[in-house]
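Colleague: Below are the sequence and a predicted model; questions follow.
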Amino acid sequence: MSQASLGSRLVRARREGSLSSGCVLNEARTHGVPCSFVYVLQLLASAVPILIACNASETPPVKHQAPTAGRPTAAPSAKPEETPVSSKPDSPSAANKKGPPRLLKNKHAYIPPQCYAKTLDDDQSVHNPCFVCHQSARRPNMIDDEDLQLGYDLPGPALENPWTNFFADRSATPNTWSDEAITAWVRDDNYRDGNGQLTLAAKLRDALPTAWDENNNGRWDGYLPDAWFQFDDQGFDRAPDGTPTGWRAFRYYPLPGAFWPTNGSAGDVLIRLAPAFRHDRNGKEDLKIYRLNLAVVEALMKRQDVPIETTDERTIGVDLDKNGELGRAKVVRFEWAPTKGKMMHYVGEAEELRKAGKVHLAGGLLPEGTEFLHSVRYLDHRDGYVGMAPRMKELRHAKKRRWQTYSQLEQAAVQEAREKVAFPDRLRTIFGSLEVGVANGQGWQFQGFIEDEQGDLRPQTFEESVFCVGCHGGVGATVDASYSFERKLDAAADGTDWRHWSQIGFEGMPDRARADGTFEYARYLEEVGGGDDYRGNTEVQERFFDETGALRPEAVKQLRKEVASLIVPSGPRALALNRAYRQIVADQSYIRGRDTLVATPVTNIHQKLKSDTSTGVSDPVPATWEPLSKP
């Protein structure tokens, strides 16, 4: 049976309600249809085909348009034949000279190195790290890509792995940084100066280097760092004079694998809602109103009730607990089903704007104007504990600049899927620049800063920023293009869910329960057979696996109680990770891979693949939110 005839029959049956997405996948496998086509069938079978136009209005006018390819994303390609960017992207000055568009060295920089991880050993043992990102999506995420657990579905130009730092043999040039020297390095704050002022912000505002002024208008047009990383006992960031900046830190479960500190870096995430969410109905700043709106947003993202401090609903005019009267609420009740007349509401000025249609609300979506700030840091071994170091490797910023409805997100995904069928190797165009970052096609804009050769933070080049797009807008695991807020710890009676990692670490955090009855981090170890996607973390291997490769029951039992036993490295490993990354900084070789690798070359990663190569995985791992038996 041809792909076209199978696709037509499956789509027709799905629309008639007689076929589930699981059946689409199974029947396609039966007929030997490649994974790339299976993915498209799932998308097309779930929506009525509607043509939409490319909309690049979520970002200001920009210079560069970089082509990428592969995973369908929400914004269709406007001019796929255009392939802008730089002759030497390693250098910010070279990547941003005025003139015509320049070619990206890695034209598919948005496909991360994890997509090249080997899943089959020589003895045909199967390892599945793919399920962390590629899984059944939960609306309004329309990228349902669990089939990518079954096969490497890369476009032709991406079959050769461009992340060459994984293959570099550094044994001939041993790292000479002593324990004392690397410890002093990571404790040297490159975000604030000796007077406590924000170094990078001052440079961008008052002494902008010509190489960073890409549009030559004499000012910085991107995000100006404004978080002080000085938190009160409710997790709110405050300026030196005590003024709230709007940023609030929260504790969350780091995504399994690369984001665990034992695999290279400590990270944090701060959230900030638009100013209206911090104001009462009269436009006056009110932290209580802000806390309530954050609770409403948390309920919408997690799709569950969120406990709050006892609140007199009469003072805000909103029935938060949905009991039909304005009384004393102790919970924000998640009850959002507009077609059934079940609505939710913000409070304060934000609710007035929502009524006026200027701000929007929907389950699984963050309101426009929401920002995230994510610092990626070195590890600091101090007093027997490994935690976040003052020195930043990167500072990443995201802002939702445009609202998209469920329907708009679905229409865009379907259109992109059509293009994938018609032109499977066509490279997608990404809009952005060094100054404003890159857009993901779903209303979000991403921008980052990274260490220069001397360790000072600089803007990422355009190519370095393209790296962000694939994960934040093209996989099934995200919730509104993000990975952190829906993974936030549930509300705690003592409020410790709203804290920065510098205030309280991973102590006492149990493994995260999955809807299928298993636990997330233990499930990762079981599926992957190691502590990272490449099974190269020897410390985790020794802690959690015996000589036969089986999980140690006592270690898993301890993990159930506290994740620190897995994700926090020993002091010696932390030092080794810091030294390894320092070499990447010295080389400025981020476009060749920024993963922290203690030992290279890495063996469990493909240098080159053939189209539609099987991973060896026979059954996809369900998403974290899916129960044991799919309906």
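Modeller: Structure's in. What do you need?
Colleague: what are the bridge partners for E451, then?
Modeller: Beta-bridge pairing of E451 under DSSP bridges involves L457.
Colleague: residues contacting it?
Modeller: Contacts for E451 were tallied using CB atoms under 8 Å, 6 or more residues apart in numbering; they are 190, 392-394, 457-458, 585. Where you see a C-beta, it was placed from the backbone N, CA and C, and this is true even at glycine.
Colleague: again, but for Q234
Modeller: Neighbouring residues of Q234 by CB under 8 Å, 6+ apart: 248, 287, 291, 495, 498.
Colleague: Just the buried subset of these, written out for PyMOL, thanks.
Modeller: To isolate in PyMOL the members of the contacts of Q234 that are buried, counting by 16 or more other CB atoms under 10 Å, one can use:
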select buried, resi 248+291+498
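Colleague: Tabulate the contacts of Q234 (TSV), appending secondary structure, distance to S589 and pLDDT.
Modeller: As requested, the contacts of Q234 are exported to TSV (DSSP: H, G, I helix; E, B strand; the rest coil; distance: CB to CB, whole Å; pLDDT from 0 to 100):
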residue	secondary structure	distance to S589	pLDDT
R248	strand	35	98
L287	helix	44	97
R291	helix	43	98
G495	coil	42	89
W498	coil	38	97
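Colleague: Tell me which two in the contacts of Q234 are the farthest apart.
Modeller: Between any two of those, the greatest separation by CB to CB is 13.1 Å, found for L287 and G495.
Colleague: And the contacts of E451, which is closest to Q541?
Modeller: After measuring these against Q541 - CB to CB - the closest member comes out as K393, at 24.8 Å.
Colleague: is it true that that closest one lies in a strand?
Modeller: Yes: assigned with DSSP: H, G, I helix; E, B strand; the rest coil, K393 falls within a strand.
Colleague: With N440 as the reference, measure out to it.
Modeller: Using CB to CB, to the nearest Å, K393 is found at 22 Å from N440.
Colleague: and stretch 315-332, how far apart are its ends?
Modeller: This stretch, stretch 315-332, spans 15 Å end to end (CA to CA, to the nearest Å).
Colleague: tell me the pLDDT at the closest residue to P627 other than its chain neighbours?
Modeller: Spatially, and ignoring its direct neighbours in sequence, P627 is nearest to A515 (4.9 Å; CB to CB, 6 or more residues apart in numbering). A515 carries a pLDDT score of 95 in this model.
Colleague: can you confirm A515 is in a helix?
Modeller: No: counting by three-state DSSP, A515 is not found in a helix; it is coil.
Colleague: tell me the contacts of it?
Modeller: Contact analysis of A515 by CB under 8 Å, 6+ apart lists 622, 624-628.
Colleague: Now the host helix or strand of L379: buried residues?
Modeller: If you go by DSSP states H and E, L379 is part of strand 371-382. Buried residues in strand 371-382, defined by neighbour count with 16+ other CB under 10 Å: 371-381.
Colleague: now that strand: mean pLDDT?
Modeller: Averaged over strand 371-382, pLDDT sits at 97.
Colleague: now stretch 566-575
Modeller: Per-residue pLDDT over stretch 566-575 has a mean of 97.
Colleague: got it, and stretch 414-427?
Modeller: 83.
Colleague: How far does that stretch sit from its chain's centre?
Modeller: Between the centre of stretch 414-427 and the centre of its chain there are 23 Å (CA atoms, centre = their mean, to the nearest Å).
Colleague: What are the buried residues along that stretch?
Modeller: Under the neighbour-count criterion of 16+ other CB under 10 Å, stretch 414-427 has 414-421, 424, 426-427 buried.
Colleague: Please apply the same query to stretch 307-322.
Modeller: 308, 311, 313, 316, 318-322.
Colleague: Please apply the same query to stretch 550-564.
Modeller: By 16+ other CB under 10 Å, the buried positions in stretch 550-564 come out as 555-556, 558-559, 562-564.
Colleague: Stretch 139-146 too?
Modeller: Residues of stretch 139-146 classed as buried: 140-146 (neighbour count, 16+ other CB under 10 Å).
Colleague: Then stretch 358-370?
Modeller: Within stretch 358-370, the residues that count as buried by 16+ other CB under 10 Å are 359, 361-370.
Colleague: Can you add distance to I605 and secondary structure and give those back as TSV?
Modeller: Formatted as TSV, the buried residues of stretch 358-370 follow (distance: CB to CB, whole Å; DSSP: H, G, I helix; E, B strand; the rest coil):
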residue	distance to I605	secondary structure
V359	44	coil
L361	43	coil
A362	39	strand
G363	38	coil
G364	33	coil
L365	35	strand
L366	34	coil
P367	39	coil
E368	39	coil
G369	39	coil
T370	35	coil
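Colleague: Are we agreed that F431 is in a helix?
Modeller: No: going by three-state DSSP, the assignment for F431 is strand, not a helix.
Colleague: Against V469, how distant is it?
Modeller: The gap separating F431 from V469 is 10 Å, by CB to CB.
Colleague: what touches both of those two?
Modeller: Overlap of the contact sets of F431 and V469 (by CB under 8 Å, 6+ apart) consists of V438.
Colleague: List the buried residues of stretch 152-163.
Modeller: By 16+ other CB under 10 Å, the buried positions in stretch 152-163 come out as 152-155, 157-159, 161-163.
Colleague: Just the closest of those to A299, please.
Modeller: Closest to A299, out of all of these and judged by CB to CB, is D153, at 35.3 Å.
Colleague: you'd agree the closest one is up against D612?
Modeller: Yes: D153 lies in contact with D612 (CB atoms under 8 Å); the separation is 6.6 Å.
Colleague: Where does the prediction get shaky in this protein?
Modeller: Scanning the chain for pLDDT under 70 picks out the ranges 1-103, 629-631.
Colleague: got the residue ranges for the helices in it?
Modeller: 3-15, 21-30, 35-45, 179-186, 199-206, 287-302, 349-355, 406-422, 462-466, 520-528, 538-544, 553-561, 564-567, 571-587 (DSSP state H).
Colleague: Can you check which of the ones you listed gets nearest to G327?
Modeller: In terms of CB to CB, the element of these nearest to G327 is helix 287-302, at 15.0 Å.
Colleague: can I see the domain layout of this structure?
Modeller: Using automatic domain parsing, the domains assigned to the chain come out as 50-210+227-273+369-631, 280-367.
Colleague: Any idea how far apart the tips of the last one sit?
Modeller: Translated: domain 280-367. Terminal residues of domain 280-367 are spaced 17 Å apart (CA to CA).
Colleague: returning to what we had before: using TSV, lay out the helices of the chain together with distance to R594.
Modeller: As requested, the helices of the chain are exported to TSV (distance: least, CB to CB, whole Å):
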stretch	distance to R594
helix 3-15	37
helix 21-30	34
helix 35-45	28
helix 179-186	16
helix 199-206	19
helix 287-302	28
helix 349-355	37
helix 406-422	27
helix 462-466	8
helix 520-528	21
helix 538-544	21
helix 553-561	28
helix 564-567	19
helix 571-587	6
